[in-house]
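> Below: sequence and its predicted model.
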Amino acid sequence: MTTLSTTAAANPATGTEALLAAVRTGTRVYDLGRRLTIGMPQSPNHPPFWHALPRRHGDAVRADGGSAANDIITMGTHVGTHIDAFSHV
């Protein structure tokens, strides 16, 4: 006997098709995304959001003429909006 979860695991497209079928029938989407900013609300028990850009394109150029930016993003799991936001007050 094949279960739905076994079928979906064996064929990732099965899960995708089921999701697309659900969307086609009508779906309400809640966008919980928020702009990440330094100083935004956070749990005091988690590290804050921080974005550093130590090197921009062109700051260091390789012998072949190429360059790369270098940025670092850090944040705790309870900064701004997060995956379990509906569970929080």
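Sure, I can see it.
> Pull the contacting residues for Ala52.
71-72 (C-beta atoms under 8 Å, 6 or more residues apart in numbering). No exception for glycine: its C-beta is placed from N, CA and C like everyone else's.
> and it, that's in a strand?
Yes: read with DSSP: H, G, I helix; E, B strand; the rest coil, Ala52 is one of the residues of a strand.
> Beta-bridge partners for it, please?
Taking DSSP bridges, one finds Ile72 as the beta-bridge partners of Ala52.
> do you know how far it is from Ala18?
Distance of Ala52 to Ala18, given as C-beta to C-beta, to the nearest Å: 41 Å.
> Over to Thr25?
11 Å.
> higher neighbour count, the two?
For Thr25 versus Ala18, neighbours defined as other C-beta atoms under 10 Å are more numerous around Ala18 (13 against 6).
> What is the helix or strand that contains that one packed up against?
Taking DSSP states H and E as the definition, Ala18 sits inside helix 12-24. When contacts are defined as 3 or more C-beta pairs under 8 Å, 6 or more residues apart in numbering; DSSP states H and E, helix 12-24 packs onto helix 4-10.
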